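Participant: Generate a structure from the sequence data that follows.
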Amino acid sequence: MRKEDGNLKNATAKGFLWGGMSNAVCQLLNLFFGIYLANILGPNDYGPIGMLAIFSAIAGSLQESGFVAALANRKEVNHDDYNAVFWFNVIVSLLLYAGLYMAAPLIADYFREPVLVELSRYSFIGFVVAGFGIAPSAYLFRELKVKQKSIALMLSIIVSGGVGVIMAMNGYSYWGIATQGILYVLVRSVCYWCFSPWRPTWRVNFAPLRYLFTFSYRLLVTNLFLRINCNVFSFILGGNGYYTRADVGNYTKANEWNNMGSETVNGMVNSVAQPVLARVADDNERQLRVLRKMIRFTAFIAFPMLLGLSLVSRELILVTITDKWLESARMLQILCLWGAFIPIQSLMTNLLISRGRSRTYMWSTMAQGVLLTLMLFVLRPYGISNMIISYAALNLVWLFVWHHFVGREIKFTLPMFLRDIIPYFVLSAAVMYATALLTAGVTNIYILLPLRIAVAATIYLLALLLFRSPELRELADYLISRKTKSGE
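Facilitator: All right, here's what the predicted structure looks like:
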């Protein structure tokens, strides 16, 4: 093995390890606070926050403007680059807040919810706070400071979650959820400043934005559509009172739990994929090897996790947040089938970005977003379940569109792709089916939930050992080597 291959492999493995650990901890913390809040609050309390999600997503994309990825992919970066990005983000954040503040009555009229006027004006304060943390975040991301970003995320969840629970217990309902969001970005931004040695200066040169923007403007448009794609469901559900506030709340909770599962893996992948793939972008064969190894490892983790979440969704919802959220469990079962593939899609889009194919990334995402929106509007009269099934199905089909573009770049053929993902998908699906059959006679949900988790985990691990999974072996070897080094 070449020295640079070994160094990159170690850096990638370290990033995956820290990213995986931190995302698992973060999602467990989110789960803990989410369960506590959902027991205090109900679907009607989550509805207003879900209605505002698409506006928060759009503003967040405009605020970041694709500069984090642009800085990560630039060969050399200096102080002026970070300084220009910092002051641009601060100015844009203030302008965004001013625009959304004035648009608050229009938002409330669209959803026919007068409370959204004041709630949106309060909730959107988070944009201003987040603007101050983007440049330090870009520095940590470029330098692969996964550990530091992980600590920042965990602290922000603990502080914001604790305050959100306290406010909910004291009757502040959705105001507590909004405060939780503001505190999350505040604590995260403060931590980024503490961990990053870079500091802004008053002397600003905006010239670097010109060459950064040539890379980032397509990512900006793309991120806008990505955020819209992820949040268009709540926007359509709640628009003009077509569905109730409780319907929006149930979907918001189901989507939140699906995101917890997929982001446990996706966050781990995104913490290292972009910088690592950018470093090997000049060598197609090497980049193909790196991508395929990442895809296999991601499938090894994501498929059993998300298909398992789909299997236990009903018991999990009933045990943790009671039957008032039962409708969200049905939605969660369907969403998890698509959630299992989200990290795979992220890897392929990260490769396109690393090769400077932001135009391809932009147009494909825009086409996907337009189709999703049109489909959901057409299907709106036919019920939420049909909308969710179609939403998941179209996203799964589009996975092969992403593969097509990646294949053109590095000769990643369809048989290669299928060989990398099908074994773990089939194995995971078979494990969940076997688990459902073996536990079908258990009626007590408090016994059924842990039993299904234990049985599925045991069968999956035994199957990996039986088939001599290379991903399991490499993971075990890496953990053993780390333990040996730490003990020396």
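
Participant: contacts and neighbour counts: CA atoms only from here.
Facilitator: Fine.

Participant: just for the stretch 1-150 of the chain, where's the confidence low?
Facilitator: In the predicted model of the stretch 1-150 of the chain, residues 1-24, 26-27, 42, 47, 54, 56-70, 72-75, 144, 146 satisfy pLDDT under 70.

Participant: got the residue ranges for the helices in it?
Facilitator: Per DSSP state H, counting those that start in this stretch, the stretch 1-150 of the chain carries helices over the ranges 3-40, 43-64, 67-73, 79-111, 116-123, 125-131, 134-142, 146-169.

Participant: if I look at Ala454, how far off is Tyr433?
Facilitator: 14 Å (CA to CA, to the nearest Å).

Participant: Also Trp402?
Facilitator: In terms of CA to CA, Trp402 sits 29 Å off from Tyr433.

Participant: Which residues outside stretch 423-433 are in contact with it?
Facilitator: Ala299, Phe300, Phe303, Pro304, Leu307, Gly308, Leu311, Ala456, Ile459, Tyr460, Ala463 (CA atoms under 8 Å, 6 or more residues apart in numbering).

Participant: Sort out which of the residues you listed are in helices and list them.
Facilitator: Ala299, Phe300, Phe303, Pro304, Leu307, Gly308, Leu311, Ala456, Ile459, Tyr460, Ala463 (DSSP state H).

Participant: Provide the secondary structure category for Gly171.
Facilitator: Following DSSP: H, G, I helix; E, B strand; the rest coil, we place Gly171 in the coil state.

Participant: And for it, the neighbour number?
Facilitator: By other CA atoms under 10 Å, the residues close to Gly171 number 12.

Participant: packing partners for the helix or strand containing Ser189?
Facilitator: In this assignment (DSSP states H and E), Ser189 forms part of helix 173-195. Under the contact definition 3 or more CA pairs under 8 Å, 6 or more residues apart in numbering; DSSP states H and E, helix 173-195 sits against helix 43-64, helix 116-123, helix 125-131, helix 134-142, helix 146-169.

Participant: Show me which positions of it end up buried.
Facilitator: 173-193, 195 (16 or more other CA atoms under 10 Å).

Participant: More neighbours: Trp402 and Tyr433, which one.
Facilitator: Higher neighbour count among Trp402 and Tyr433: Trp402, with 21 against 15, using other CA under 10 Å.

Participant: isn't the more buried one right up against Leu351?
Facilitator: No. Using CA atoms under 8 Å, Trp402 makes no contact with Leu351, being 10.2 Å away.

Participant: got a pLDDT number for Ala281?
Facilitator: Model confidence at Ala281, given as pLDDT, is 69.

Participant: Quick check: chain neighbours aside, which residue is closest to Phe303?
Facilitator: Excluding the flanking residues, the one nearest Phe303 by CA to CA, 6 or more residues apart in numbering is Ala340, at 5.3 Å.

Participant: what's around that neighbour, how many residues?
Facilitator: Around Ala340 there are 31 residues (other CA under 10 Å).

Participant: Just read off the phi/psi values of it.
Facilitator: phi -60, psi -30 (degrees, to the nearest 10).

Participant: who are the neighbours in contact with it?
Facilitator: Per CA under 8 Å, 6+ apart, neighbours of Ala340: Ser262, Ala302, Phe303, Met305, Leu306, Leu307.

Participant: For it, give its distance to Thr349.
Facilitator: 16 Å.

Participant: Cheers, nothing more for now.
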